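Novice: Could you work out the structure for the sequence below:
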Amino acid sequence: MAQPANTFDTADAIGIREDLVNNIYNVDAHEVPVLSAIPKVRAKSTLHEWQTDSLDTPSATNAQIEGDDVVAAAITPTARLSNQCQILSKSFNVTGTMEAVDKAGREKEHTYQAGMKAKALKTDMEMSIFANNAKVARGSSTAGEMAGIPAWLTTNTSNGGGAAVEPTGDGTDARTDGTQRAITAALLDAELKSIWDNSGVMPDCVYMGSWVKQVASSLTGASTMNLDASKKTLVATIDVYDYDFGTVRFEANRHVRSRDAIIMRNDMWAWAELRPMREETLAKTGDAQKYHIIAEATLECRNEKASGIVADLSTS
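Specialist: Numbers count the residues shown, from 1 in each chain. Predicted structure coming up:
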């Protein structure tokens, strides 16, 4: 079959309006569970500092002679810790022409880009929290960097051996990765016990990457498989882990290092903001307006004994 002669069709026509949906679809992940969960505090200097302390070791032989003279015991001073504030930013330029044209999916380009950059900046913050980085002092040609969670954890830790070296625990050095191994209930239980032994608080969550979370959900084998007949649903996951000293949530986190399982007491960490995230309009130098979203903040490790890490886990 062939089209009859002189048939006017869409290929010949001029002026057919485009069919462009007035939406923009984006499925990139932008959740920041830890940044949302930990307290927000104010930093007042580029080097943010705090103190920790501990009680005397309990004694079963604290028995005194009646009428004895008091001899003062030595006092151990508090420990003074610090982390470096880090400047994080996302910049973008929008031309005058781009703002003037009729756009699909957004009215103002600046408003759309500002929203996208703000979400991206928050994910950078979450990545910085979990980064295995030591703090870096700022200088005229050096960007200040905060120490991430792995660089603080030294009391309740499990590594895979090999080249593994634990950090000092004050943010001055990163941990050295060791030989990877599969996550097991025994590894988790040992660190949960260590937190109970070394602190007076209970952790809230175990943050894991996708592979480790899937393996952790099958730690007890078939006993985790529960069928809800009324909903025709097979549940094959662990979201709350009940152990000898309490319960802790298992949470998948896109920004934790894939080889780490971080056990956290959320209120024993804080996000200290010297400059909370905000948008600034920069000097215009041509036919485009310049903007950036900027923040200056650091991670406060209030007491690392309340958290722990099972490091060097297999990721495939």
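Novice: Confirm for me that E251 is in contact with V34.
Specialist: No: checked against C-beta atoms under 8 Å, the pair E251 and V34 is beyond contact range at 9.1 Å. Backbone N, C-alpha and C define where each C-beta goes, glycine included.
Novice: Which neighbours do the two have in common?
Specialist: Where contact means C-beta atoms under 8 Å, 6 or more residues apart in numbering, the residues bridging E251 and V34 through contact with each are Y207.
Novice: So between the two, which is more surrounded?
Specialist: Set side by side, E251 and V34 give different neighbour counts by other C-beta atoms under 10 Å, the larger being at V34 (23 against 18).
Novice: how about the more buried one, phi and psi?
Specialist: Dihedral angles of V34 (phi, psi; degrees, to the nearest 10) stand at phi -70, psi -40.
Novice: Can you classify the closest residue to it other than its chain neighbours by secondary structure?
Specialist: By the measure of C-beta to C-beta, 6 or more residues apart in numbering, the closest residue to V34 outside its immediate chain neighbours is I129, 5.7 Å from it. When classified by DSSP: H, G, I helix; E, B strand; the rest coil, I129 comes out as helix.
Novice: Would you confirm that I129 contacts L299?
Specialist: Yes: the pair I129 and L299 passes the contact test of C-beta under 8 Å, sitting 5.6 Å apart.
Novice: and R278, that's in a strand?
Specialist: Yes: residue assignment for R278, taken from three-state DSSP, places it within a strand.
Novice: quick one: strands adjacent to the one helix or strand E251 maps to?
Specialist: Assigned by DSSP states H and E, E251 belongs to strand 246-252. Strands that pair with strand 246-252, judged by DSSP bridges, come out as strand 205-208 (parallel), strand 240-243 (antiparallel).
Novice: got the contact list for stretch 94-113?
Specialist: Stretch 94-113 is contacted by residues L20, V21, N22, N23, I24, F92, D287, A288, Q289, Y291 when judged by C-beta under 8 Å, 6+ apart.
Novice: repeat that for 6 Å
Specialist: Contact with stretch 94-113 is made by L20, N22, N23, I24, F92, D287, A288, Q289, as judged by C-beta atoms under 6 Å, 6 or more residues apart in numbering.
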